[in-house]
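> What follows is a predicted protein model with its sequence.
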Amino acid sequence: MRAVQYRTIGGEPEVVEVPTPEPGPGQVRLRVTAAGLCHSDWFVMGLPAERFRYELPLTLGHEGAGVVDALGDGVTGVAVGDPVAVYGPWGCGLCHACARGAENYCPRAAPLGIRPPGLGAPGALAEYLIVDDVRHLVPLGDLEPVATVSLTDAGLTPYHAVVSSLDKLPAGSTAVVIGAGGLGHVGIQILRALTGSTIVALDISEEKLALAAEVGAHHALPSDASAAEAIRSLTGGVGAQAVFDFVGAAATVEIARKAVAMDGVVQLVGIGGGLLPTGFFSTPMGASVRAPYWGTRTELMEVLDLARAGAVHVEVEEYRLDEAPEAYRRLHEGTVRGRAVVVPGN
Ligand code: NAD
Ligand code: ZN
Ligand code: ZN
């Protein structure tokens, strides 16, 4: 089968021919119908050798959807032909976190060497994908895979961040979204669907600001040195009760620090290397800072239900598998509108 792999440190992702995998006991093989490209893939491919923690070659793609294609021994509960989305943050399945569906916070995954597909295990940017356990599959039902595959990360991650901030976001509150890219443009819609907040989007690109306004931001402002002051003035000096930073760079965490209200929350979702020291004379009194990771399995079901209800959609640019390296280049340049999604069958 064909797959998109990161093969050498510092190299470009490559389209290669690899053996079609067979599902082992308990595993499920999917024929991949759609796979989304995430900025985190660039983070992984940008790591120098001394910080690189994955085995090469690495088949990329941690947003996956497919059709059940073959069942390993002992698998029950799904049938060949079922359309499914893949819940990516795989855990041990046995601990307290996993028992409540929060495999994204499984403390045993790393010590046991359990890695998400595309971030250690072979990923979804291939014609076929092996999923370790049937519990990682969420039925897609009548949802169109290309349109919804990115809800498994670009939807689930902001959903998890927003849901854990809801107590700060009553009607009349203000929420800031920094970075209206893949995650951010879905995050804005999730905030519109779940809260009565006024939403202020910040980005450095005119096109992304236009997209932010189109998907529901009440204000779309340049992400520059004046941004925090602009948010203070929009909120009568109070600041934003929640700031979702989908960039996480030094400049954006500084905006978050200056824009968050007392007793508000900053959710640092982007992995741009910015740090936000919390304490007196740094963040406002009572404000909390959190760096959430991905989301829970039940939250994935909920975000798919939001799409089913028509409340959330992903702006998709569709690519063939052999175009994946070009799609990654566009993602890196910042010119993808919404999410780049690869259809391996094409
Ligand atoms: P993306 O490239 O699609 O979007 C990034 C957006 O940020 C773009 O619109 C870009 O114009 C904008 N931007 C860049 N610099 C900016 C600045 N200084 N101020 C405001 N906007 C700026 O990326 P994505 O796939 O949406 O990922 C966003 C971030 O979230 C990445 O760092 C990614 O690695 C991370 N991520 C984290 C998790 C998690 O679990 N915490 C999950 C997925 C992705
Ligand atoms: Zn991701
Ligand atoms: Zn666990």
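Great, that's in hand. Numbering: from 1, shown residues only. Ligands and ions are numbered 1, 2, ... in the order given.
> Show me how the chain divides into domains.
Under the assignment automatic domain parsing, the domains of the chain span 2-152+295-343, 156-290.
> Of all those, which one is nearest ligand 2?
Among those, domain 2-152+295-343 comes nearest to ligand 2, with 3.0 Å by Cβ to the ion. Bear in mind the C-beta positions are built from the backbone N, C-alpha and C, glycine included.
> Compute the distance from the centre of the regular element (helix or strand) spanning Glu299 to the centre of its chain.
Using DSSP states H and E, Glu299 sits in helix 297-308. Averaging C-alpha positions (Cα atoms, centre = their mean, to the nearest Å) puts helix 297-308 14 Å from its chain's average.
> Mind checking the pLDDT average for that helix?
Helix 297-308 shows a mean pLDDT of 98.
> and that helix, what does it pack onto?
strand 137-139, helix 145-148, helix 156-163, helix 182-194 (3 or more Cβ pairs under 8 Å, 6 or more residues apart in numbering; DSSP states H and E).
> Any chance of these in TSV with distance to ligand 3 as columns?
Below are those laid out as TSV (distance: least, Cβ to the ion, whole Å):
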stretch	distance to ligand 3
strand 137-139	17
helix 145-148	26
helix 156-163	17
helix 182-194	25
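> quick one: low-confidence ranges for the stretch 51-200 of the chain?
Within the stretch 51-200 of the chain, no stretch has pLDDT under 70.
> Which positions in the next helix or strand after the helix holding Glu299 come out as buried?
Note on helix 297-308: by DSSP H and E, the next helix or strand toward the C-terminus is strand 316-320. Neighbour-count burial for strand 316-320 flags 316-317, 319 (criterion: 16 or more other Cβ atoms under 10 Å).
> Let's have those in CSV, adding distance to ligand 3 and pLDDT.
What follows is the buried residues of strand 316-320, written out as CSV (distance: Cβ to the ion, whole Å; pLDDT from 0 to 100):
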residue, distance to ligand 3, pLDDT
Val316, 32, 98
Glu317, 35, 98
Tyr319, 34, 98
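> which one of those sits closest to ligand 1?
Glu317 (10.8 Å; Cβ to the nearest ligand atom).
> can I assume the closest one is in contact with Thr335?
No. Counting by Cβ atoms under 8 Å, Thr335 is not a contact partner of Glu317; they are 9.4 Å apart.
> What confidence value was assigned to Trp294?
98.
> does it count as helix, strand or coil?
coil (DSSP: H, G, I helix; E, B strand; the rest coil).
> show me the contacts for it.
By Cβ atoms under 8 Å, 6 or more residues apart in numbering, the contact set of Trp294 is 88-89, 104, 153, 156-157, 160.
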